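Based on what follows, work out the 3D shape:
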Amino acid sequence: LLKSVREMDTNLPFILFTGKGSEEVASNAISAGATDYLQKGTGTDQWAVLSNRIENSVERYRATSDLERAETYRQRLQTIVTDTSSDIDDRITRLLDLGREFLDAGNAHLVAIDREKETHEIRYAAGSDIVTAGTVSDLSATFCRRTVESEGTLELRDVRNDPVAESWPISWYLGAKVFVNDELFGTLCFIDENGQSAPLSGPKKTFIDLIARWISHALERQFADRQRSEMLSRMTDGVFSLDEEWRFTYLNDRGVEIVSEAIGESLTAEEICGRHIWEEIPAAVDTEVYDRYHEAMSRQEPVSFKSYYEPIDRWLQVQAYPSQTGLTVYFLDVTEKHRREEAIRSREQVLREVYDVVSDADQQVGSLLDIGRRVIGTEYGSLSRIRDDEYTFEVVKAPKNTIEAGDVVDLSATHCERAVVTNESLVLSDVAAEAPKLTDRAGYTDWNIECYVGTPVQVEGRVYGTFCFYGNDPREEPFSEWQVTLVDLMGRWI
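Numbering: from 1, shown residues only. Coordinates of the predicted model:
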């Protein structure tokens, strides 16, 4: 029987439970591929032992199976998100289908939530028609309200007796928050008419978080593209005109603001008109602005470009139209939009780096710590291992002559203890201000840890240790939602 089972599945749990056992029988069974061996006793105690071993074997089997499936589905996700031949709407719908297939869920949908109006709008949907795109509901009458109010991903395994289920004929619900530019956009949800007997595994939760994160980036890019289109349609945002001698002849209100800032004085349009642009703004000479304006005048052809002007620390989208009597310049201050686009590109690059790292086990932890320190901006990064009250620095990235891999301290001396006790990520931009009770610990008094972000690392459902980043100075700006999410994702991938 065991041989036949192994021919079908080399990892399927197989426990030999016999009343005629011996050490030789046990050894032969294990050698033949049995997961475990247990000899019957005369009482009923062994039945409880058998039940426990079955549960443990099945949990390990499911975790291994989920990890293997997750890797396959991550590759499929990569194919979808890098498919430039399809638009964002199509890719979001395909990702919903992919997640639904991975979870064996009947329906997947993306919800937009308006907290001010307390509304719940289905923007995208895939799978069965339990939920369809375009449906608008009161947020209070949905399970998504609980997702928004909860920490992390929310799973409800059997909601048949829940009052909310009267409006939603389902038994199982999974929801994850989706952020756009660090503000809540809505939720990514998976539902099914059947309940789930086992809680969501770590690999499945990580995969759904990955889908939610990519959808966040896709929506941010969509938002940026929409803003860019609106920006280009408002060509009178800033206007000024120059004569053939490069003297100002006209400025609108926005033009006055930008030119005054470049000159370094608070001026009116009347005070600016008649002044020579290159004499008033000498820092602009020998820049792209200077070259392109002269190109437009010499060729008598319009020019369009985006340029960073360092003296006022702004990005400007410029269109210059020449004539025989001078040059008319239309420009937009696109600094915030440019920074947002750069942030999106940077996050996408970081996610690609992380994905490459988690595919290579040999360099995984150290490389993830390097990425995290760079993105989060801390001096220290470490993976710890916790056994009882002992805290071991297992992998460390830190300045020289500070902490090193292999160092052991009491768990109670660390900020990580709180993350372990609560089994949740701990985020402290200023330890003294936000968690004064931690200031009497060695982590603060001896190691001078003034800021901290860390998450528990789970292995087979138990806390293995922590994955964290910290520094010796309070942060001027709080850790962003993106930075906290990145730490959480890397901690789960480890």
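
Not counting stretch 194-209 itself, show me its contacts.
Residues outside stretch 194-209 that contact it (C-beta atoms under 8 Å, 6 or more residues apart in numbering): 62-63, 66-67, 69-70, 73-74, 77, 99, 102-103, 153, 155, 157-160, 171-172, 174, 176, 188, 190, 458, 485, 488-489, 492-493. Bear in mind the C-beta positions are built from the backbone N, C-alpha and C, glycine included.

now the end-to-end length of it.
22 Å (C-alpha to C-alpha, to the nearest Å).

Would you mind checking the contacts of stretch 194-209 for buried ones?
63, 66, 70, 73-74, 77, 99, 102-103, 153, 155, 159, 171-172, 174, 176, 188, 190, 458, 485, 488-489, 492-493 (16 or more other C-beta atoms under 10 Å).

Those in helices, which ones?
63, 66, 70, 73-74, 77, 99, 102-103, 485, 488-489, 492-493 (DSSP state H).

nearest to R462, of the residues you listed?
A63 (11.8 Å; C-beta to C-beta).

from the ones in helices among the buried ones among the contacts of stretch 194-209, which two are the most distant?
That would be A63 and T485, which, of these, are the farthest apart (C-beta to C-beta) at 23.2 Å.

Would you map the strands across the stretch 351-494 of the chain?
380-387, 390-397, 408-410, 426-428, 451-459, 462-471 (DSSP state E, counting those that start in this stretch).

What are the buried residues along the longest one?
What that stands for is strand 462-471. Buried residues in strand 462-471, defined by neighbour count with 16+ other C-beta under 10 Å: 464-471.

Tell me how many other residues crowd the closest residue to R475 other than its chain neighbours.
Spatial nearest neighbour of R475, chain neighbours left out: S429 (4.3 Å); criterion: C-beta to C-beta, 6 or more residues apart in numbering. By other C-beta atoms under 10 Å, 16 other residues sit near S429.

How about the one 10 residues further on?
Other residues within reach of T439, judged by other C-beta under 10 Å, total 13.

give the contact list for the closest residue to it other than its chain neighbours.
Closest residue in space to T439, ignoring its immediate chain neighbours: A432 at 5.5 Å, by C-beta to C-beta, 6+ apart. By C-beta under 8 Å, 6+ apart, the residues touching A432 are 439, 444, 450, 474.

Just these: which are in helices?
Cross-referencing these against helices under DSSP H gives Y444.

now the contacts of A432 in CSV, with pLDDT and distance to P399?
Compiled in CSV, these are given as follows (pLDDT from 0 to 100; distance: C-beta to C-beta, whole Å):
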residue, pLDDT, distance to P399
T439, 92, 22
Y444, 90, 18
E450, 95, 15
P474, 95, 18
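
Buried subset of the contacts of A432, written for ChimeraX?
Selection of buried members from the contacts of A432 for ChimeraX, criterion 16+ other C-beta under 10 Å:
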select :444,450
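
May I see the contacts of A432 arranged in TSV, with distance to E390 as well?
Converted to TSV, those look like this (distance: C-beta to C-beta, whole Å):
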residue	distance to E390
T439	23
Y444	20
E450	25
P474	29
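
so which of the contacts of A432 comes closest to E348?
P474 (29.5 Å).

burial count for the closest residue to that closest one other than its chain neighbours?
Nearest non-adjacent residue to P474, counting by C-beta to C-beta, 6+ apart: D430, 3.9 Å away. The tally of other residues near D430 (other C-beta under 10 Å) stands at 15.
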